[in-house]
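> Generate coordinates for the sequence data below:
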Amino acid sequence: MLDDMLEAGSYAPMLLKDRRAIVTGGASGIGAATVRAYVREGARVVSLDVNDAEGKRVVADAGAAASYVHCDIADRRQVFEVFERAVAGLGGLDVMANVAGVERRTPAENIPDEEWDLVFGVNVKGTLKGAAASSTSDRELESAARSDPLTTRPRKAP
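Reported below is the predicted structural model:
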């Protein structure tokens, strides 16, 4: 339905107009769809991932309001450094989408430690690191009286 509306030119709400967003896991799947949707809705987006070729392709497809930065969400130091640069480049942060995740289809009884460490490092610790890095950015922004409906992060009132 949305594709039909886009083709017909009848869809233009711009729900995220002038919002500044970071999306983790932006090179594929839900993350890539989030990057495209946020840009379509008017946001400026920094997409983070480790899959550089796909990450760059997604932001090129999304348009000029998107940029790509390599970031291993499981690496705490890298996450904080990248977030600091991204937030500075955006001029602030309104929306944080923690979408990065990995999936392995190895049966639980056969999963090697290295594979479990990767899954846990990205899916659990990576989510925590992204939230921590974005909340650090929050302290540098004005406090907000209300929440953005797309995330639990506070944002400045329009």
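> rest of the way, CA atoms for contacts and neighbours
Will do.
> Settle this for me: V99 is touching A27, isn't it.
No: using C-alpha atoms under 8 Å, V99 is not in contact with A27; the gap is 10.3 Å.
> So which of the two has more stuff around it?
More crowded of V99 and A27, by other C-alpha atoms under 10 Å: A27, with 27 against 23.
> just checking, the more buried one is part of a strand?
No: counting by DSSP: H, G, I helix; E, B strand; the rest coil, A27 is not part of a strand but coil.
> ok, now which ones touch it?
Going by C-alpha atoms under 8 Å, 6 or more residues apart in numbering, A27 touches 47-52, 54-58.
> Return the helix or strand in this structure with minimum mean pLDDT.
Ranked by mean pLDDT, DSSP states H and E, the helix or strand of the chain with the weakest confidence is strand 146-147, at a mean of 41.
> where do the helices sit along this structure?
Here the chain has its helices, by DSSP state H, at 2-8, 29-40, 52-62, 76-90, 113-120, 127-138.
> Buried residues of the fifth one, list them for me.
Spelled out, that is helix 113-120. For helix 113-120, the neighbour count (16 or more other C-alpha atoms under 10 Å) marks 118-120 as buried.
> what's the closest non-adjacent residue to M96?
Excluding its sequence neighbours, the residue lying closest to M96 (C-alpha to C-alpha, 6 or more residues apart in numbering) is I22, at 5.1 Å.
> So what sits opposite the one you found in the bridge?
V46, M96 (DSSP bridges).
> count of residues packed around it?
For I22, using other C-alpha under 10 Å, the count is 30.
> Hmm, it is touching L90, no?
No: judged on C-alpha under 8 Å, I22 makes no contact with L90 at a distance of 9.3 Å.
> about what we covered before: which one of the contacts of A27 is nearest to V95?
Distance to V95 across the contacts of A27 (C-alpha to C-alpha) is lowest for S47, with 12.0 Å.
> residue contacts, that closest one?
Applying C-alpha under 8 Å, 6+ apart, we find S47 in contact with 22-27, 35, 55, 59, 66-69.
> Give me the distance between the residue positioned nearest the centre of the chain and E114.
Most central in the chain under C-alpha atoms, centre = their mean is V23, positioned 0.8 Å from the mean C-alpha point. The gap separating V23 from E114 is 26 Å, by C-alpha to C-alpha, to the nearest Å.
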